[in-house]
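# Need coordinates for the following:
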Amino acid sequence: MPENSRETARRRTLAWVVALSTAALMFDGYDLVVYGTVVPTLLADPSHLGAISPAQAGTLGSYALIGVMVGALSAGAIGDIIGRRAIILVNLAWFSIGMAATAFAHSLTTFGLFRFLTGIGVGALVATVGALVAEFAAPAQKNRLNAIVYSGVPAGGVLASLVALRFADGEGWRILFAFGALPLLLLPLAVWKLPESPRWLLVRGKQQRALELARRTGVELPAVPEPDTGRVGFAALASRPLAWPTALLGTMSFVGLLLTYGLNTWLPKIMQDKGYGKAYSLTFLLVLNLGAIVGGLFASYVADRSGGAQRVVVTTFLLAAATLALLPLKLPFGVLLLAIAVAGVGTIGTQVLIYGLVSNYYPTRARAAGVAWCAGFGRLGGIVGPVVGGYLVAAGVGGYAAFLIFAGLSLLGAAVSALVPHRGEVAIDATPTVLATAPATS
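Have a look, this model is predicted:
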């Protein structure tokens with residue numbers, strides 16, 4: 001294939017991979033935030049699902065996150081074996097059906113069950129799209145493209161905040177969950193346009209298919225396949241040299257997702273308790289996620305220019321610690337909005353960077369498992385965040401204590417991030433990358 005045609009094919013393929021992956025993750029972000037927007041309504045009116053205390057609301061919010069953890073770890077267990085494409089297609093449908101079912105729940109039990117099942121689809125998507133994008137992106141674009149894709153999460157949070165301004169009251173909360181079923185409309189387009197990863201095909205020994213797909217999509221392949229260690233997926237993560245960095249990366253994701261879910265679930269309620277009206281509290285949620293999008297994209301650009309995301313992650317965690325410590329203070333409204341936006345960069349935006357760092361850290365034979373580990377183990381933090389927030393709100397110390405606890409955890413995240421070995425230091429993969437394509441056919 002001529003060089004110009006190959007480059008055109010690569011750009012077209014990459015555009016579809018990024019666009020479809022971003023759209024899928026927008027609804028992960030939507031799912032993340034939508035529950036927080038309806039919590040005040042469910043707490044105030046027991047006619048919807050029954051009487052709910054703040055502590056119960058926090059626990060109920062964790063059901064989806066348990067599902068996300070199950071989905072992420074399940075996808076990681078099989079994603080490096082059966083491929084990226086099948087996982088994404090199946091779970092687009094799974095997630096959409098789960099959101100639609102949640103809209104019709106009429107008891108705490110059915111609501112919690114459907115939230116759990118929806119979470120399985122969310123987790124599988126989050127754990128898989130990063131691996132796929134990393135295997136299609138050029139080296140100089142990896143952090144930026146991963147940031148664009150995972151910025152779909154806070155973008156979905158913005159979407160949820162905007163829709164909630166119209167529908168969060170009364171029975172309108174059901175419309176919010178029904179809206180989350182829209183990814184089902186993406187499925188036919190994804191079946192048509194989303195390719196399998198040629199790198200994954202090559203590692204799994206399907207050389208001819210890999211070369212043909214590489215020629216068609218313009219994707220670069222290693223001149224020599226990765227060494228066959230006999231360990232694929234989670235087995236590779238548990239062995240040297242990946243075990244230690246995997247533990248650290250998982251802890252980073254735990255902290256990042258604890259902050260992300262804790263703030264998105266409880267920021268509206270905390271700000272209402274501080275005297276701000278409902279419209280204002282949802283505006284704060286909007287600002288938090290907009291800050292994460294803009295700041296996360298800029299930080300990823302810096303990461304690509306500086307040669308890696310690790311130092312940028314340390315910096316953004318420190319930014320989160322500083323701004324979260326300021327939020328309990330009586331700040332002027334404009335300063336408060338700025339602080340919340342920067343906190344969004346340091347929490348949700350940091351998690352976007354972590355996914356990019358993890359996606360590009362692992363070799364192909366363990367990439368899906370590595371992203372899944374960080375998404376799955378990290379969701380334990382996502383489970384803890386809403387529960388802790390719920391107990392703090394129930395105790396009447398939610399705002400002051402929660403923000404300071406979150407600030408301290410941000411400092412922990414910065415410290416752990418600084419300890420992760422650089423990729424070259426652990427000799428993960430020394431295979432050079434050059435273009436390899438099948439011979440052109442007439």
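
# From now on I want contacts and neighbour counts done on CA atoms only, so please keep to that.
Noted.

# Remind me what the strand or helix carrying Tyr391 packs against, helices and strands.
Following DSSP states H and E, one finds Tyr391 within helix 364-394. On a contact count with 3 or more Cα pairs under 8 Å, 6 or more residues apart in numbering; DSSP states H and E, helix 364-394 meets helix 54-82, helix 108-136, helix 198-203, helix 234-237, helix 243-273, helix 350-361, helix 398-419.

# Next up, the contacts around the nearest residue to Trp200 once chain neighbours are set aside.
Excluding the flanking residues, the one nearest Trp200 by Cα to Cα, 6 or more residues apart in numbering is Thr364, at 6.3 Å. Residues in contact with Thr364 (Cα atoms under 8 Å, 6 or more residues apart in numbering) are 80, 135, 199-200, 203, 226.

# what would those residues look like in JSON lines with distance to Gly275, neighbour count and pLDDT?
Shown next, in JSON lines, are these (distance: Cα to Cα, whole Å; neighbours: other Cα atoms under 10 Å; pLDDT from 0 to 100):
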{"residue": "Asp80", "distance to Gly275": "50", "neighbour count": "25", "pLDDT": "72"}
{"residue": "Glu135", "distance to Gly275": "48", "neighbour count": "25", "pLDDT": "80"}
{"residue": "Arg199", "distance to Gly275": "54", "neighbour count": "25", "pLDDT": "82"}
{"residue": "Trp200", "distance to Gly275": "53", "neighbour count": "26", "pLDDT": "79"}
{"residue": "Val203", "distance to Gly275": "57", "neighbour count": "21", "pLDDT": "76"}
{"residue": "Glu226", "distance to Gly275": "58", "neighbour count": "18", "pLDDT": "56"}
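
# what's the closest of those residues to Ala15?
Distance to Ala15, by Cα to Cα, is smallest for Glu135 among the contacts of Thr364, at 13.3 Å.

# Pick the one among the contacts of Thr364 closest to Ala375.
Among the contacts of Thr364, Asp80 lies closest to Ala375 (Cα to Cα), at 15.2 Å.

# List the contacts of Leu409.
Leu409 neighbours (Cα under 8 Å, 6+ apart): 255, 259, 321.

# Tabulate these (a markdown table), appending neighbour count and distance to Ala343.
What follows is these, written out as a markdown table (neighbours: other Cα atoms under 10 Å; distance: Cα to Cα, whole Å):
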| residue | neighbour count | distance to Ala343 |
| --- | --- | --- |
| Val255 | 29 | 14 |
| Leu259 | 31 | 10 |
| Ala321 | 25 | 8 |
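
# With distance to Leu32 added, can I get these in TSV?
What follows is the contacts of Leu409, written out as TSV (distance: Cα to Cα, whole Å):
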residue	distance to Leu32
Val255	16
Leu259	12
Ala321	22
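
# pLDDT score for Leu145?
As predicted, Leu145 sits at a pLDDT of 86.

# still on that earlier bit, now do the buried residues in the helix holding Tyr391.
Within helix 364-394, the residues that count as buried by 16 or more other Cα atoms under 10 Å are 364-393.

# before we move on, what about stretch 234-244?
234, 236-237, 242.

# Not counting its neighbours along the chain, what's nearest Leu357?
Ala309 (5.8 Å).

# and the one you found, how many residues sit next to it?
By other Cα atoms under 10 Å, 24 other residues sit near Ala309.

# neighbours around Ile120, how many?
26.

# List the residues that contact the nearest residue to it once chain neighbours are set aside.
Nearest residue to Ile120, sequence neighbours excluded (Cα to Cα, 6+ apart): Gly71, at 3.9 Å. With contact set as Cα under 8 Å, 6+ apart, Gly71 has these partners: 119-124, 376.

# With respect to Pro54, which of the contacts of Thr364 is nearest?
Relative to Pro54, and with distances defined as Cα to Cα, the nearest of the contacts of Thr364 is Asp80, at 40.1 Å.

# Lys193 contacts Leu14, correct?
No: applying Cα atoms under 8 Å, one finds Lys193 not in contact with Leu14, separated by 10.4 Å.

# higher neighbour count, these two?
For the pair Lys193 and Leu14, the greater number of neighbours falls to Leu14 (23 against 13), based on other Cα under 10 Å.

# Return the distance of the residue nearest to Leu357 relative to Trp373.
According to Cα to Cα, to the nearest Å, Ala309 stands 19 Å off from Trp373.

# Would you check that the residue nearest to Leu357 makes contact with Tyr301?
No: the criterion here is Cα under 8 Å, and Ala309 misses it with Tyr301 at 9.4 Å.

# Identify the contacts common to these two.
Residues touching both Ala309 and Tyr301 (Cα under 8 Å, 6+ apart): Asn143.
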